[in-house]
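A.B. asks: Let's see this in three dimensions:
(2 chains)
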Amino acid sequence: NAGVTQTPKFQVLKTGQSMTLQCAQDMNHEYMSWYRQDPGMGLRLIHYSVGAGITDQGEVPNGYNVSRSTTEDFPLRLLSAAPSQTSVYFCASRLTGIYEQYFGPGTRLTVT
Amino acid sequence: DQQVKQNSPSLSVQEGRISILNCDYTNSMFDYFLWYKKYPAEGPTFLISISSIKDKNEDGRFTVFLNKSAKHLSLHIVPSQPGDSAVYFCAASARNNFNKFYFGSGTKLNVKP
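C.D. replies: Coordinates of the predicted model:
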C-alpha cells in the first residue's frame, strides 16, 4: 500500500494562476480531507468528503474548490492563487467510523 | 478564534525523563481527542487518542489524560527518547460533527541525549 500520496511536493505560482493539488489513497477510505498548515496556526481544515460525490466545507474553504468523483482521488483546486494561500497543504483519509486519519507527505505551495 | 490551543510552542527534555505536552480546548461539544506526531518534511502520524467517556488512555510509553471540567488534555511520554523529537499536535472533534477536526498549533519537543 502506498497510503496517501500527494503531488507535487513543491510548487511556485504567480498571483492569479490556477492549479490543482493532487491527492490519492489506496486504502479504500471513504473520508478524505484537505488541510493547510501555517506557522503558529496548526492545521486548518479546508474541505472534506465523506464519499464519492459528497463534499463539504471546513474552517477555511474560501479560494479553494474540491470534487470527489472516485473513492481514491480528492483533488484541491486553486482557481486564482493569492499570496495568502502560501502554505503547506496536507491531504488525509480515514475509514468511516474511525477517527484516526492518515496523512500524505504534503505539498509546499508558494504564491508570489 | 482557535478552539484548540497548545500554548507551549516548544519543550526541551533530557533523554529518559518524562515529557508532558499540554492542550486546552474551548468547545464543550468536543468529545474525541487525538495526538499526532510530525517529523520535518513528513505528514502527521497518529499517536494516541481518547474519548470523552474516559479520563486516561495508555499505549506503551504514551499516556493521554483528559480533564473535562478544565477542558484540558495532556500527553505524557515516559521515558522520553531522542527519536521522540518532533512536533506534536492535539486535535479534537465534536459530537455534533465528527467529520470536522480542529488542531492545535503544535508543540516542538526536543529530547536531548
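A.B. asks: Now chain A against chain B: closest residue?
C.D. replies: Of all residues in chain A, A:F103 sits closest to chain B, at 3.2 Å by C-beta to the nearest C-beta. Bear in mind the C-beta positions are built from the backbone N, C-alpha and C, glycine included.
A.B. asks: quick one: contacts for the closest residue to chain A within chain B?
C.D. replies: Distances between chain B and chain A by C-beta to the nearest C-beta are smallest at B:G43, namely 3.2 Å. With contacts defined as C-beta atoms under 8 Å, 6 or more residues apart in numbering or on different chains, B:G43 is in contact with A:V4, A:F90, A:A92, A:F103, A:G104, A:P105, A:G106.
A.B. asks: again, only this time at 7 Å
C.D. replies: Contacts for B:G43 (C-beta atoms under 7 Å, 6 or more residues apart in numbering or on different chains) come out as A:F90, A:F103, A:G104, A:P105, A:G106.
A.B. asks: Now render the residues you listed as TSV, adding neighbour count.
C.D. replies: Shown next, in TSV, are the contacts of B:G43 (neighbours: other C-beta atoms under 10 Å in any protein chain shown):
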residue	neighbour count
A:F90	26
A:F103	23
A:G104	25
A:P105	15
A:G106	23
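A.B. asks: Looking at those residues, which are in strands?
C.D. replies: Those of the contacts of B:G43 mapping onto strands are A:F90, A:F103, per DSSP state E.
A.B. asks: Which one of the contacts of B:G43 is nearest to A:A52?
C.D. replies: A:G104 (18.8 Å; C-beta to C-beta).
A.B. asks: What's the local residue count around A:N62?
C.D. replies: Neighbourhood size, A:N62 [other C-beta atoms under 10 Å in any protein chain shown]: 9.
A.B. asks: With A:P39 instead?
C.D. replies: Neighbours of A:P39 using other C-beta under 10 Å come to 10.
A.B. asks: Quick check: closest non-adjacent residue to B:M29.
C.D. replies: Using C-beta to C-beta, 6 or more residues apart in numbering or on different chains and skipping residues adjacent in sequence, the residue nearest B:M29 is B:A94, 4.0 Å away.
A.B. asks: again with A:G16
C.D. replies: Closest residue in space to A:G16, ignoring its immediate chain neighbours: A:S80 at 5.4 Å, by C-beta to C-beta, 6+ apart.
A.B. asks: In this structure the one you found contacts A:S18, no?
C.D. replies: Yes - the pair A:S80 / A:S18 is scored as a contact, 6.4 Å apart, by C-beta atoms under 7 Å.
A.B. asks: Write out the residues of chain B neighbouring chain A.
C.D. replies: Taking C-beta under 7 Å from any C-beta of the partner chain as the contact definition, chain B meets chain A at B:32, B:34, B:42-44, B:46, B:49, B:89, B:93, B:99-101, B:103-106.
A.B. asks: Name the next helix or strand downstream of the helix or strand A:Q11 falls within, please.
C.D. replies: Secondary structure from DSSP states H and E places A:Q11 in strand A:10-13. Per DSSP H and E, the first helix or strand lying C-terminal to strand A:10-13 is strand A:19-25.
A.B. asks: Hey, what's the angle from the helix or strand following that following strand to strand A:19-25? Just curious.
C.D. replies: Next along the chain after strand A:19-25, taking DSSP H and E as the criterion, comes strand A:31-38. Angle between the axes of strand A:31-38 and strand A:19-25 is 130 degrees (criterion: axes from the mean of the first three to the mean of the last three C-alpha atoms, to 10 degrees).
A.B. asks: Fine by me, thanks again.
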